[in-house]
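**Q** Can you look at this prediction? I've put the sequence above it.
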Amino acid sequence: MELAVEETINVIEESVNKDIESNLQKKAAIERIKSMNRLEKLLVNKQIASKFLQMNGLDHLEKYLYDLPDGSKPSSILKTKLLTLLRSLKVDSTHIKNN
């Protein structure tokens with residue numbers, strides 16, 4: 001199960017890094033959007049989702065909302081997909097840090 005959580009985190013990190021790279025090259029940054037289906041498939045498993053949350057997975061998902069280097073904001077499509085994914089997770093106050 002821990003490998004599945006690591007895979008989930010890797011999907012997030014790779015997508016974010018590819019979007020940053022694409023943005024710097026003045027190309028469309030769509031990797032985060034494309035990765036959402038894969039994330040949904042991984043996190044539909046309640047055990048994986050629970051472990052993901054315990055391992056500070058929300059800190060990684062937060063990166064999907066960061067501005068790109070040129071200052072552009074995440075697309076509304078990405079934000080909608082992310083919100084849908086977050087609603088499917090059983091997030092409680094122990095998973096949220098006060099930063």
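**A** Perfect, thanks for sending it.
**Q** ok, now how distant is residue 51 from residue 76?
**A** Applying C-beta to C-beta, to the nearest Å, the value for residue 51 to residue 76 is 30 Å. For the C-beta atoms, the positions are set from N, CA and C on the backbone; glycine is no exception.
**Q** in which helix or strand would I find the residue sitting nearest the centre point of the chain?
**A** What sits nearest the mean C-alpha location of the chain, by C-alpha atoms, centre = their mean, is residue 61, with 3.4 Å. Secondary structure from DSSP states H and E places residue 61 in helix 57-61.
**Q** now residue 58: how far from residue 96?
**A** 7 Å.
**Q** which of residue 51 and residue 76 has more neighbours?
**A** Taking other C-beta atoms under 10 Å, residue 51 and residue 76 do not tie; residue 51 has more neighbours (16 against 8).
**Q** Might you report the residue contacts of that one?
**A** 1, 2, 4, 5 (C-beta atoms under 8 Å, 6 or more residues apart in numbering).
**Q** so which helix or strand takes in the nearest residue to the second one once chain neighbours are set aside?
**A** Meaning residue 2. Spatial nearest neighbour of residue 2, chain neighbours left out: residue 51 (6.9 Å); criterion: C-beta to C-beta, 6 or more residues apart in numbering. In the assignment (DSSP H and E), residue 51 maps to helix 46-54.
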